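[1] quick check, what structure comes out for this input:
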Amino acid sequence: MLDHKPLDAPLPLDAPRIAVVGAGPVGLAFAVQAAQALPQAQIVLFDARPITATPPPDPRTLALNLGSIQHLSRLQAWEAVRAEAILEVSVSQSEPGRTDLRLRASELRQPLLGAVLGYADVLAPLAGAWLALEAAQLPAQTRRLRSAGGQKVAGHKMLADGRIELDAGVAEAFDLVVQAEGGLFAEQAGKPWRREYAQTAWVGQIRLGADWPRGLAVERFTRDGPLAVLPLPDDARGRRAALVWCTSPDEPAEALSLARLQALLPAAHRAATGIDGPLKAFPLGLNAETQLVQGRLVRIGNAAQTLHPVAGQGLNLGLRDAHQLVTALREGVERAADLDTALARFERRRRPDRLALLATTDGLARVFAGDSAALSLAREVGLRALQALPPLRSALARQLMFGWR
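    Numbers count the residues shown, from 1 in each chain. You can find the predicted model right below:
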């Protein structure tokens, strides 16, 4: 627990020293935007691994919504990215004869709902943008942007003047520390809001036949948990998709066969032709902070909240955390506010979006995983209501695309 001591004087926001811990997509997005929006700030980016424009291969797949794509485009970290657009989403239960809810980009007059791509494909352009900003600085003695790759942050402590001292081999004090390194749910220390869903996500890739419509993503709610198929860009072997298959924790890997997968998919979309390699298992749960700001330590992304993968919103929420933190800091400079006032404004602004998405994903994870007749009926009523009421359906789609506005 942090020992919060009263500050001797508010810190002006004209030239703060900022540490960013974690050079994943959220940490890099914050660092790049902050470097552009806060030209007087000194920013040091820490990560346990070297920060390079060509990150090592990573099998993880990410789903970005339209708001995240627009944000990355503004950071000049999207144009060269290889991704597969999501044009339509099919949402249904696995019981026969159930409603097939459709969310379509065309109905919302948008070019796409989102896109699917590999983790390294998101990371590389952001790392390249940061390194380009760092390289474009004046000579070394005046540099305000610095990469500290290969330097793991072992801990931190609050100083009497409100600054935070980081232990990364050598103790160094900062006016603001942005913690963006969260890790996986199973590896995290418990946060105030924590729930284990008694589900395991099996993650990997599958092969698609030619009959699978371009741009179609499927979210199928089964008795054991949600099943998602997200289209990926073609490779040398043809059509492919990311698979997120949630089951009970005691489900053996050998039970996850192609035949079973095809049986769980809607009849109109059983064009899966193979499972690529072994699937990886990840225990699922909710683990979230009640507050993002503690003194001058701010947690964003997975360091602030880890969600159930239903609806694929974790990274999108983290990118909004990063964007709104920079916005609050920039407004603080323009209004001659102090750092603590800017952080308080950031906390207030993030609360509605965070709470709405935490409640949505937590509710979906629990309500759509039961196998009782009452729950099945409730799920069907909800899907039919969304299907029958276009304004309600559009509101849900826009929240998933852009967050709470």
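
[2] so in the chain, where's the weakest helix or strand by average pLDDT?
    Taking mean pLDDT, DSSP states H and E as the measure, the helix or strand of the chain with the lowest value is helix 373-388, at a mean of 83.

[3] so which residues make contact with that one?
    The contact list for helix 373-388 (Cβ atoms under 8 Å, 6 or more residues apart in numbering) reads 91-93, 95, 98-99, 101-102, 221, 367-368, 370, 392-393, 396. The way it works is simple: take the backbone N, C-alpha and C, and place the C-beta from them, glycine included.

[4] sort out for me which of those are in helices.
    Of those, the ones assigned to helices by DSSP state H are 367, 392, 393, 396.

[5] ok, which stretches of the stretch 251-400 of the chain are strands?
    272-288, 293-294, 297-299, 305-306 (DSSP state E, counting those that start in this stretch).

[6] so for residue 130, which of these sits nearest?
    Ranking those by proximity to residue 130 (Cβ to Cβ) places strand 297-299 first, at 18.5 Å.

[7] mind listing what that closest one pairs with, with the direction of each?
    The strands beside strand 297-299 in its sheet (DSSP bridges) come out as strand 176-179 (parallel), strand 293-294 (antiparallel).

[8] just among the ones in helices among the contacts of helix 373-388, which is most surrounded?
    Counting neighbours by other Cβ atoms under 10 Å, the top entry in the ones in helices among the contacts of helix 373-388 is residue 393, with 19 neighbours.

[9] now that one: closest residue in space, sequence neighbours ignored.
    If the residues on either side of it in the chain are set aside, residue 393 comes closest to residue 386, at 4.8 Å by Cβ to Cβ, 6 or more residues apart in numbering.

[10] count of residues packed around the one you found?
    Burial measure for residue 386: 20 neighbouring residues, criterion other Cβ under 10 Å.

[11] ok, residue 375 next?
    For residue 375, using other Cβ under 10 Å, the count is 15.

[12] same question for the one 5 residues further on.
    Counted with other Cβ under 10 Å, the burial measure for residue 380 works out to 16 neighbours.

[13] for it, give its distance to residue 347.
    Residue 380 is 39 Å from residue 347, where distance means Cβ to Cβ, to the nearest Å.

[14] same check on residue 172?
    Counting by Cβ to Cβ, the gap from residue 172 to residue 347 is 25 Å.

[15] repeat for residue 253
    Distance, residue 253 to residue 347, by Cβ to Cβ: 42 Å.

[16] if we can go back for a sec, and the ones in helices among the contacts of helix 373-388, which is closest to residue 149?
    The closest of the ones in helices among the contacts of helix 373-388, once distances to residue 149 are taken by Cβ to Cβ, is residue 396, at 40.2 Å.

[17] leaving out sequence neighbours, find the closest residue to that closest one.
    Here the residue nearest residue 396, using Cβ to Cβ, 6+ apart, is residue 386, at 6.5 Å.

[18] ditto for residue 60
    Using Cβ to Cβ, 6+ apart, the nearest residue to residue 60 is residue 119, at 3.9 Å.

[19] ok, that neighbour touching residue 64?
    No. Contact criterion Cβ atoms under 8 Å: residue 119 and residue 64 do not qualify, at 11.2 Å.

[20] neighbour count for these two, which is higher?
    Neighbour tally, residue 119 and residue 64, criterion other Cβ under 10 Å: the higher count belongs to residue 64, 24 against 17.

[21] contacts only, for that one.
    Residues counted as contacts of residue 64 (Cβ under 8 Å, 6+ apart) are 72, 83, 114, 115, 116, 117, 122, 315, 316.

[22] give me the phi and psi angles of it.
    phi -110, psi 140 (degrees, to the nearest 10).

[23] that one pairs with what?
    residue 115.

[24] how about the contacts of residue 64 in TSV, adding pLDDT?
    TSV is the format used below for the contacts of residue 64 (pLDDT from 0 to 100):
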residue	pLDDT
72	97
83	97
114	97
115	97
116	97
117	96
122	96
315	96
316	97
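
[25] got a pLDDT number for residue 1?
    Note for residue 1: predicted pLDDT of 37.

[26] cool, and residue 55?
    On pLDDT, residue 55 comes in at 86.

[27] same question, the one 3 residues further on
    At residue 58 the predicted local confidence, pLDDT, stands at 82.

[28] can you classify it by secondary structure?
    Applying DSSP: H, G, I helix; E, B strand; the rest coil to residue 58 yields a three-state assignment of coil.

[29] give the burial count for it, as a bare number.
    Using other Cβ under 10 Å, the number of residues around residue 58 comes to 13.

[30] identify the residue spatially nearest to it, adjacent ones excluded.
    Computed as Cβ to Cβ, 6+ apart, the closest residue to residue 58 that is not its neighbour in sequence is residue 119, at 4.3 Å.

[31] the one you found and residue 59, how far apart?
    For residue 119, the distance to residue 59 equals 8 Å [Cβ to Cβ].

[32] cool, and residue 337?
    44 Å.

[33] neighbour count winner among these two?
    The neighbour comparison of residue 337 against residue 59 (other Cβ under 10 Å) goes to residue 337, with 19 against 13.

[34] show me where this protein has helices.
    Assignment of helices within the chain using DSSP H yields the ranges 25-37, 66-74, 119-135, 258-264, 314-334, 339-367, 373-388, 390-402.
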